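Student: all I have is the shape, not the residue letters:
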């Protein structure tokens, strides 16, 4: 199963970018042995529309275009907060059920278009707090790597 991230906003050079790349690289190296392939990150610039609603709609259209043929998981502060083992199990279940492409979506400063919620297989939250998209990318990349270690029985994850 190919797993990618679609993000609104650009990741500038710096420690967050380096850390996200480090975990993505670890995922890319550990995933193939258990049937998970890294598809990379696609970025779109934040919309310049006049209102938050219009910005979310414009960004949502770009996301839906990128998500063609993929199972979609949204990262949103209103989503469900789950543990790492449950996250890994969900990825394993999707892989085992024949899902070929999985796309995680990180919205821009205004969040995600509400219309996307109906199209998502799952809406996840990294807690009730609002996080900058750069930090969410780091956390997601780390959790994807952690999921491979959990699914493969590697000792990285200590419950």
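Tutor: Perfect, thanks for sending it. Predicted, not measured: the structure shown is a model, and the values here were computed from it.

Student: who's in contact with the lengthiest strand in the chain?
Tutor: Looking across the chain with DSSP state E, the single longest strand is strand 71-80. For strand 71-80, contacts defined as C-beta atoms under 8 Å, 6 or more residues apart in numbering pick out 94, 99, 101-107, 111-112, 116-117, 119-131, 136, 140. Any C-beta I mention is one placed from the backbone N, CA and C, and that applies to glycine too.

Student: buried subset of these, written for PyMOL?
Tutor: Written as a PyMOL command, the selection of buried residues from the contacts of strand 71-80, which uses 16 or more other C-beta atoms under 10 Å, is:
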select buried, resi 94+99+101+102+103+104+105+106+107+111+112+116+120+122+123+124+125+126+131+136+140
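
Student: take the contacts of strand 71-80 and keep only those in strands.
Tutor: If you go by DSSP E, the contacts of strand 71-80 have 101-106, 122-124 in strands.

Student: low pLDDT regions in this structure?
Tutor: For the chain, the stretches with pLDDT under 70 are 159.

Student: spatially central residue for it, please.
Tutor: In the chain, the C-alpha nearest the mean C-alpha coordinate belongs to residue 104, at 3.1 Å (C-alpha atoms, centre = their mean).

Student: that residue and residue 27 touch, don't they?
Tutor: No: at 11.7 Å, residue 104 does not count as touching residue 27 under the criterion of C-beta atoms under 8 Å.

Student: give the residues shared as contacts by the two.
Tutor: Contacts common to residue 104 and residue 27, judged by C-beta under 8 Å, 6+ apart, are residue 3.

Student: excluding chain neighbours, what is closest to residue 62?
Tutor: Leaving aside its chain neighbours, residue 62 sits nearest to residue 44 (4.7 Å; criterion: C-beta to C-beta, 6 or more residues apart in numbering).

Student: quick one: that neighbour and residue 8 touch, right?
Tutor: Yes: assessed by C-beta under 8 Å, residue 44 is found in contact with residue 8 at 5.8 Å.

Student: output the longest helix belonging to the protein.
Tutor: Longest helix in the chain, counting residues (DSSP state H): helix 133-152.

Student: now for it, which elements pack on it?
Tutor: Packed against helix 133-152 by the contact rule (3 or more C-beta pairs under 8 Å, 6 or more residues apart in numbering; DSSP states H and E) you find strand 2-8, helix 15-30, helix 84-96, strand 101-106.
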